[in-house]
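*Asks:* Here is a sequence together with a model predicted from it:
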2 protein chains.
Amino acid sequence: MAKLLLGKEVNASINEEIKAKVEKLKAQDITPALGIIRIGEREDDIAYEKSAAKRCETLGVAYEKFLLPADVKEEEVLKTISQVNKNDKIHGVLLFRPLPKHLNEDRIVNALAVEKDVDGITDLSMAGVFMGKDMGYAPCTPSACMKVLEHYGIDCTGKKVVVIGRSLVVGKPAAMMLLKKNATVTVCHTRTVDMPSVVKEADIVVVAAGKAGVIDGNYLREGQIVIDVGINVNEEGKLCGDVNFEEAEKIVDAITPVPRGVGGVTTSILLEHVVDAAIVQNR
Amino acid sequence: MAKLLLGKEVNASINEEIKAKVEKLKAQDITPALGIIRIGEREDDIAYEKSAAKRCETLGVAYEKFLLPADVKEEEVLKTISQVNKNDKIHGVLLFRPLPKHLNEDRIVNALAVEKDVDGITDLSMAGVFMGKDMGYAPCTPSACMKVLEHYGIDCTGKKVVVIGRSLVVGKPAAMMLLKKNATVTVCHTRTVDMPSVVKEADIVVVAAGKAGVIDGNYLREGQIVIDVGINVNEEGKLCGDVNFEEAEKIVDAITPVPRGVGGVTTSILLEHVVDAAIVQNR
């Protein structure tokens, strides 16, 4: 049976680090703060907002909500972002997407100051991840994958890592972060031919396929470490990942379950970015 | 014996396209123009400048040189860039790097307007390549690799492509451009373990290792297509690539020689970018 790589264990150590940083900041009269910009009342957004707010409270990070109606005018959104950019009491910003269709998402996202882009959504944060340059922040989900590997002492140097998925939110930034850690990285996607044989070659597999349980036993072999980024609801209404967990856990060496895996680490990374942003902005 | 993928054949077809576009522009009284900013008198820079200028003349593209002394002050460089940005007669800019050490290269490069960044050096051009977003231009060398593949009708979809090298000038952007063309892309580098066996898996190999002749027959197999990006001078003072050509041409199906391969295509891509920039800026 595979070893379970558990989000709560990773979170415990991130939270310790965050708390120590928050204490140091508070000794300088600085309270790190997250600005949350939500447009409309989407259930998913509200659920994530609640979990982020709760985590803020636990860790001594402040937050301020900027709630705008679903039919808000673009100028109004840009004005809000400009105010948050200028507000030196707010160090990082979470802007829920997708935005309502009448808004120019590209223009709005890139109005955000890169140094406050703790969720890694601006073009400059993307350039930062791609270039390995200290600019903006990497998206939270691939950062969470890297943190899980780091927490469990899994060194990527010289390892064959296969990333399944080429999205800007997970696959591509994960590939860049793994390259930076000296892994030999292969990116697979829907057009990959004979994916099972490609994935079997990997020492570490990062799965962001976006489809429940598609990575089954045929893709896996003994000795592998599997990071499952997927969050899906299966036919029985239960949360599940992109990996067929029952099959995988019998084969591989270690795996992140869903739930209880990478998902919960994402919020911790967001908070870590806010605290790091507060440190940088007060240097 | 491998088929030779020749730069001059690729150039012939790019040049036809460029000439047709230039004619259309001239019919609207627009002459596409390249601004060349050179600081100091480095031999490499002057050689490339000459070949770019000559190509401009052949294709009906204008150019203007902005020559600054090696000890120029940063403000002066930034002023020059600002003037070129504002000059609507200049559509693209070639800025030679590395800059002299006393200058802040990051600040200077990113002062350049992204829409004129035909050499793909700004952070926003990098974000464009990474995101697959229409913003700025990809660096000329990986674009030249893609053009060679395209010219010879080599479809990347579903192919296994191994990129050797993870630089920002070739390896990483090449990987992104190949992913966009639906290849399954693996990036190898100095920390890759057992690189020969990884490279042998590839259908297409893009070599930007930066070392003369390191990719020898042990890395290659029948049926492969090899794009050699390397430009080195060997012990006998001759130009050579990163691939051991004598060994490779006996094994693989097709290969770009050095010289006469990718290198010469790079300048054509630069000019193509200038002409495309002129079209976009006059829409």
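*Replies:* Right, received. Where do you want to start? Numbers count the residues shown, from 1 in each chain, chains lettered A, B, ... in the order given.
*Asks:* Just the element for A:Met146, please.
*Replies:* helix A:140-151 (DSSP states H and E).
*Asks:* For that helix, which outside residues touch it?
*Replies:* Helix A:140-151 has contacts (C-beta atoms under 8 Å, 6 or more residues apart in numbering or on different chains) with A:5, A:7, A:9-10, A:13-14, A:119-120, A:137, A:156, A:169-170, A:173-174, A:177-178, A:181, A:204, A:206, A:208, A:225, A:227, A:229, A:256, A:261-262, A:265-270, A:273. In short, each C-beta sits where N, CA and C put it, glycine included.
*Asks:* can you pull the contacts of the closest residue to A:Ile121 other than its chain neighbours?
*Replies:* In space, and not counting its chain neighbours, A:Ile121 is closest to A:Val109: 5.2 Å by C-beta to C-beta, 6 or more residues apart in numbering or on different chains. Neighbouring residues of A:Val109 by C-beta under 8 Å, 6+ apart: A:95, A:97, A:121-123.
*Asks:* Among those, which one sits closest to A:Ile37?
*Replies:* Closest approach to A:Ile37 among those (C-beta to C-beta): A:Leu95, at 4.6 Å.
*Asks:* What parts of chain A come near chain B?
*Replies:* Applying C-beta under 8 Å from any C-beta of the partner chain, one finds that chain A approaches chain B through A:123-124, A:126-131, A:133, A:135, A:157-160, A:166, A:168, A:172, A:175-176, A:179, A:182, A:184-189, A:191-193, A:198, A:201.
*Asks:* Inside helices: which ones of those?
*Replies:* Among these, the members found in helices (DSSP state H) are A:123-124, A:126-131, A:172, A:175-176, A:179, A:198.
*Asks:* what ranges do the strands span in the stretch 101-250 of chain A?
*Replies:* A:160-164, A:184-188, A:204-207, A:225-228, A:232-233, A:239-240 (DSSP state E, counting those that start in this stretch).
*Asks:* Those strands into TSV, with extra columns for mean pLDDT?
*Replies:* Below are these laid out as TSV (pLDDT from 0 to 100):
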stretch	mean pLDDT
strand A:160-164	98
strand A:184-188	98
strand A:204-207	98
strand A:225-228	98
strand A:232-233	94
strand A:239-240	96
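*Asks:* Output the ones you listed in CSV; the columns should cover mean neighbour count.
*Replies:* Output for these, formatted as CSV (neighbours: other C-beta atoms under 10 Å in any protein chain shown):
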stretch, mean neighbour count
strand A:160-164, 27
strand A:184-188, 27
strand A:204-207, 28
strand A:225-228, 27
strand A:232-233, 13
strand A:239-240, 18
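*Asks:* among those strands, which is nearest B:Lys86?
*Replies:* Across the strands of the stretch 101-250 of chain A, closest to B:Lys86 is strand A:184-188 (C-beta to C-beta), at 40.1 Å.
*Asks:* quick one: contacts of that closest one?
*Replies:* Residues outside strand A:184-188 that contact it (C-beta under 8 Å, 6+ apart): A:158-166, A:171-172, A:175, A:178-179, A:195, A:198-199, A:201-202, B:175, B:179, B:184-189, B:191-193, B:198.
*Asks:* can you give me the end-to-end distance of stretch A:190-203?
*Replies:* Between the opening and closing residues of stretch A:190-203 there is a gap of 21 Å (C-alpha to C-alpha, to the nearest Å).
*Asks:* Now stretch A:36-48: buried residues?
*Replies:* Buried residues in stretch A:36-48, counted by 16 or more other C-beta atoms under 10 Å in any protein chain shown: A:36-39, A:45, A:48.
*Asks:* Keep only those of those that are in strands.
*Replies:* Counting by DSSP state E, these place A:36-39 in strands.
*Asks:* ok, A:Asp203 - how many residues close by?
*Replies:* Close neighbours of A:Asp203, defined as other C-beta atoms under 10 Å in any protein chain shown, add up to 18.
*Asks:* Just confirm it contacts A:Gln224, I think it does.
*Replies:* Yes - with contacts counted by C-beta atoms under 8 Å, A:Asp203 reaches A:Gln224, the gap being 6.5 Å.
*Asks:* what number of residues lie near A:Ile121?
*Replies:* Burial measure for A:Ile121: 22 neighbouring residues, criterion other C-beta under 10 Å.
*Asks:* wait, isn't it in contact with A:Pro139?
*Replies:* Yes - using C-beta under 8 Å, A:Ile121 makes contact with A:Pro139 at a distance of 7.3 Å.
*Asks:* Could I get the buried residue list for the lengthiest helix in chain A?
*Replies:* In chain A, assigned by DSSP H, the helix with the most residues is helix A:7-27. Neighbour counts over helix A:7-27 (16+ other C-beta under 10 Å) mark A:7, A:10-11, A:14-15, A:18, A:21-22, A:25 as buried.
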